[in-house]
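S.K.: Curious how this folds, go ahead:
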Amino acid sequence: MPLSVVILAAGEGKRMKSALPKVLQPLAGRPLLKHVIDTARELHPTAVHVVYGHGGEQVRGALNDAGVSWIRQQPRLGTGHAVLQAMPQIADDQLVLVLYGDVPLISRATLTQLIALAGPRSLGLLSMRTDTAGGYGRVVRGANGRVLRVVEHQDANARELKLTECNTGVLAAPAALLRRWLKRLGNANSQREYYLTDVIAMAVKDKIAVRPLVAPTLTEVLGVNDKAQLAYLESAWRQQTAHALMLAGVTVADPARLDVRGPLTHGADVFLDVNVVIEGRVVLGDGVHIGPGCVIRDSEIGAGTEVFAYCVIDRALIGPDCNIGPFARFRPSSMLARGVHIGNFVEVKNSQLGDGSKANHLAYVGDSELGKRVNIGAGTIIANYDGANKHRTVIGDDVHTGSNSVLVAPLTVGAGATIAAGSTVIDAVPAGKLTVARARQQVIEGWQRPVKARKP
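M.R.: From the prediction side, this is the model:
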């Protein structure tokens, strides 16, 4: 049967104590709801419908390019009422999978198993087993082990509260039957809401097979209601991601201190030290070594490159066999060729450095194109901004700049030129020459340092 996915994302999330709607709270750098949408997409459904309510346009605006059908639930009258809002967009021959915008770690593998249990005359129900059921609804089974109904925590009696099999809320059901059941829901319960879970008893009454699947892990079906639960799932994500990387051959110094917040592609023999943060799409070549405390965002780092401690690399392309840092920063559109050295407290922005070039100490390279084997001396600044506009600097092969030089853009430095230490260069520098642009040193005879007046 063709699949339609309905994601319920209308909850207010008061326990978050945040102006940001609950489903937009970030987990591993992405909103909770985005995790669920991405997983739903992996199932190749005909459509993904998101039922939203609290946060309204803020939720839609944050995920406007998600490619989903947005359906507003107003007023919010419960989970059954929420799913009913989506049903006019779903044909009777579809299979409906119901997910939740605050359950971010549910896996494609588990959902694939659940969908396989559902069909024209069967409903798949995802449950979990836990000794600390909290506010979860309980799955009630008969003596033969068959599911009879789901009872919400607030409406459960003392015997039912002792049950350890709980409802996750996730189910897969044929659209034609689900539509019929949803229209028959009542709200005679403690919350005065229309519960989606009541369709389970309706299915049993209609002799529709309810096929349960117990989630393989508790973590993947846990919801998020407060910042403590969010932090718990963040920790679970770190552990899950680090485990997958290690199985793929990456050496992770401490799995508890690695944050991967986007797709990471890697070669062989990659090493990630403690407190490394990976954001966005990152590619690491064979033998890349990332030191402690580094942040790598939407960047590619070539084979054999070593990034020392506490570097920030943001939307940069780093070539092979480079040495970076410590304490270096790359801003967007920076590109390094093979064997480039960037040292401590060096910032590179929108610049290209050719093979074997170096900027080892306390330098700023902005809006520049450097050739091969260029040596940028300690304290050299490429002054690219005139207060209103950015200007470009072009430096030829084999150029050396002395310490504490200022190159004022726009500027061209010819191949093989040397700029003396302490120079402020404002005109084109000829190739192969020594250029000195500094005031002549003088000694002022008879000068005395000012003395502070004594206090009375």
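
S.K.: ok, so what distance separates residue 205 from residue 199?
M.R.: 10 Å (CB to CB, to the nearest Å). All C-beta spots, glycine's among them, are computed from the backbone N, C-alpha and C.

S.K.: Apologies, that question was intended for residue 399.
M.R.: 74 Å.

S.K.: Who has more neighbours out of those two?
M.R.: Neighbour totals were compared for residue 399 and residue 199, and residue 199 leads with 28 against 24 (other CB atoms under 10 Å).

S.K.: which phi and psi does the more buried one have?
M.R.: Backbone torsions for residue 199, taken as degrees, to the nearest 10, come to phi -70, psi -20.

S.K.: pLDDT score for it?
M.R.: Model confidence at residue 199, given as pLDDT, is 95.

S.K.: Test my guess that it contacts residue 79.
M.R.: No - in this structure residue 199 lies outside contact range of residue 79 using CB atoms under 8 Å: 10.0 Å.

S.K.: Could you count how many residues lie near residue 48?
M.R.: With other CB under 10 Å as criterion, residue 48 counts 21.

S.K.: In terms of helix, strand or coil, where does it fall?
M.R.: strand (DSSP: H, G, I helix; E, B strand; the rest coil).

S.K.: Identify the bridge partners of it.
M.R.: residue 5 (DSSP bridges).

S.K.: Which residues are in contact with it?
M.R.: Going by CB atoms under 8 Å, 6 or more residues apart in numbering, residue 48 touches 4, 5, 7, 37, 40, 41, 66, 67, 68, 69.

S.K.: and the gap between it and residue 374?
M.R.: Residue 48 is 51 Å from residue 374, by CB to CB.

S.K.: for residue 411, which residues make a bridge with it?
M.R.: residue 393.

S.K.: contacting residues for it?
M.R.: 391, 393, 394, 425, 426, 427, 428, 429.

S.K.: how about residue 398, what does it touch?
M.R.: Contacts of residue 398 by CB under 8 Å, 6+ apart are 371, 372, 373, 374, 415, 416.

S.K.: what's the distance between residue 79 and residue 162?
M.R.: Distance from residue 79 to residue 162, by CB to CB: 24 Å.

S.K.: Which one's more surrounded, these two?
M.R.: residue 79 (24 against 10).

S.K.: Can you classify the closest residue to the more buried one other than its chain neighbours as helix, strand or coil?
M.R.: Spatial nearest neighbour of residue 79, chain neighbours left out: residue 196 (3.9 Å); criterion: CB to CB, 6 or more residues apart in numbering. Following three-state DSSP, residue 196 is assigned to coil.

S.K.: How much space separates residue 196 from residue 250?
M.R.: 41 Å.

S.K.: Specify the helix with the largest residue count in the chain.
M.R.: If you go by DSSP state H, the chain has its longest helix at helix 227-247.

S.K.: Touching the helix or strand following that helix from outside, list them.
M.R.: For helix 227-247, the following helix or strand on the C-terminal side (DSSP states H and E) is strand 251-252. Strand 251-252 has contacts (CB under 8 Å, 6+ apart) with 242, 245, 246, 258, 269, 270, 271, 272.
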